[in-house]
Each structure stands twice: as structure tokens, then as C-alpha cells.
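Visitor: Pasting the sequence and the predicted model now:
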Amino acid sequence: MLDHIGLSVADLARSRAFYDAVMPTLGAACQMAVTAKETGGYEGFGYGMAGKPSLWIGNGGRTKGSLHIALVAPDRAAVDAFHQAALAAGGTCNGAPGLRPHYHPNYYAAFVLDPDGHNIEAVCHRPPAAM
């Protein structure tokens, strides 16, 4: 249903460093960058896979309020790696890796707050046998 989502951040360089460290744990990376000159004011970085940016981090000051974004992890090890990388890159733990059976029996996730306080989740829905 969603094609992409964008977050405005207070410090673009700090957020770029955070997402550059975290996204590879989920098999994603920066796919595109745009400059203020190209767009008439917006500067940002699009993260995704196979050339398709799905998560944009851009200038414009911190998005008002906080957002919750759940990113797909290919397996539980990727959820664990995401959490570890996020903490090492300056994120704050908002829920350690583990099962959340109140959602469903195979809901394995971790939650971190990014540098702007957004709740970023990595989640794997696959059962252990499917990994």
C-alpha cells in the first residue's frame, strides 16, 4: 500500500550516520540522494533495496510529534543486528529484541528511538523453522 515515507529531521548529517549504520542490517542502504539545488529546497537521502528508496530522511526540521515505523527484517538475526547497530549509532532502546506474542506467536521485533525520537522497529514475522 505505501510506496515511500519521509521523515524530516533536525540534523541531517547525524540522522544520515544513524541510518547508514542501521539499514544494512536489514539488507537496505541509501539508494538515492537529492540536493536542495535539485529540488528547490529539500535535501534528503532515500533508503531501500534494489534501487528503490522507500524511507526518506530529509531536512526541514524534526517532524512534529514522533512516528512509529516498522521495517521488515528477513530473519530474527537481522532484528538482533538492527538493535545492536542502532544502539551503537546513538539510538535509544525502546524494546529489546524478542517475541511479542500478544501480536501473534511469531512476531519477533526490536524497537529503538532514532536521533529525533522516532520509534523505529525491525520485525520478522517468520517462524523459527522458516528461517
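Guide: Looks like it came in fine.
Visitor: only C-alpha atoms for contact and neighbour calcs from this point on.
Guide: Will do.
Visitor: can you pull the contacts of Pro127?
Guide: Neighbour list for Pro127: Asn106 [criterion: Cα atoms under 8 Å, 6 or more residues apart in numbering].
Visitor: any weak-confidence spans in the protein?
Guide: 129-131 (pLDDT under 70).
Visitor: Which stretches in it count as helices?
Guide: Along the chain, the segments classed as helices by DSSP state H run 12-22, 36-39, 76-88.
Visitor: Let me know which of the ones you listed is tucked in deepest.
Guide: helix 76-88 (a mean of 21; mean count of other Cα atoms under 10 Å).
Visitor: closest one to Phe45 among the helices of the chain?
Guide: Across the helices of the chain, Phe45 has its closest neighbour in helix 12-22 (7.5 Å, Cα to Cα).
Visitor: Let me have the helices of the chain in TSV, extended by distance to Tyr108.
Guide: Formatted as TSV, the helices of the chain follow (distance: least, Cα to Cα, whole Å):
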stretch	distance to Tyr108
helix 12-22	17
helix 36-39	39
helix 76-88	7
